[in-house]
Structure formats: structure tokens, C-alpha cells
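Peer 1: below are the sequence and a predicted model; questions follow.
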Amino acid sequence: MAVGARPRLVGINHVALEVGDVDEALEFYGALFALELRGRSAHMAFIDLGDQFVALVAARGQGPDRERHFGLVVDDKEAVRRVLGEAGIEPEPGRGLRFADPWGNNVEVVDYGDVQFSKAPQVLSGMGLGSLEKTPGTLAELREKGLET
């Protein structure tokens, strides 16, 4: 890197979510998604997302915030919608798929095919998701940026 040049952001390694109780959070999210635990300590759990992870931290120190949210990329957004209904969780009204967990964390669910975010082929294969594809619109967006997969 040249002297004086600013470093570039290249991705997110993980997101930490404050929850009231780690075991309850694992039970809640495990009822919605197929989870693989990367690691665990007394006050934290790490949910594997292939080459990334989500940390659940038993340290809820603030109330819910309507606008603060994080987005999870999934292999089948409509399956998430179905599972939410089966769990009695009402998604937020609007065009996307968004819901709140019991601790006030807002979760936005996005289908892999619809976002520019891309996993390397070997990561998808290692996760057992080698057949995921992008929509034509998303491929066009990636092509415009020189990021075509």
C-alpha cells in the first residue's frame, strides 16, 4: 500500500449480536435455520457461515432499535418465510423479508441469487451449496462492476 493511501474495506468477518441468553438465542435461531456451531464460550456462541460467522453475545445493554439491522444471505428466502410462519413469527410489513428476534435484533433475509455478495466456488462447495446461482439482474450488476463470477 502506498504511503498515505487509505486501506480498503474488503468484507465483513463477523457480526456480533447482543442477546439476553446465548442458549435461548441458539434455540431461537436453530428453529429457523440449519446452524453449525463454530465455537462456544460461557457468554458467546459463534454460528458458522462458511468463511464468516455470527457471534451471539450475552450482553444485551440497550433496547430494540427499529432501523438498526443486519442482513443474512440464505439459499432459499421463501423457505425462511415458511419457517417463520410455522414458528408463529410475523415478518415486518414491506417489500423484503425482515423480522425481529426476541432481543430486538432486526434481521433482513436476502436470497443469494439476488445480491452482489458472492462466495468463492470452493467455499460454496465446502458448505454443500455448489449449485447456487445468481439471477440475471444480479449478474448484470456484477458485470458492471467487473466482479462477474
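Peer 2: Right, received. Where do you want to start? Numbers count the residues shown, from 1 in each chain.

Peer 1: going forward, measure contacts between C-alpha atoms and count neighbours the same way
Peer 2: Will do.

Peer 1: my guess is residue 80 meets residue 32, correct?
Peer 2: Yes - using C-alpha atoms under 8 Å, residue 80 makes contact with residue 32 at a distance of 7.0 Å.

Peer 1: could you find the closest non-adjacent residue to the residue positioned nearest the centre of the chain?
Peer 2: Ranked by distance to the mean C-alpha position of the chain (C-alpha atoms, centre = their mean), the top residue is residue 72 at 2.2 Å. The spatial neighbour of residue 72 that comes closest, neighbours along the chain excluded (C-alpha to C-alpha, 6 or more residues apart in numbering), is residue 109 at 5.0 Å.

Peer 1: residues contacting that neighbour?
Peer 2: With contacts defined as C-alpha atoms under 8 Å, 6 or more residues apart in numbering, residue 109 is in contact with 71-74, 77, 80, 96-98.

Peer 1: for it, helix, strand, or coil?
Peer 2: Applying DSSP: H, G, I helix; E, B strand; the rest coil to residue 109 yields a three-state assignment of strand.
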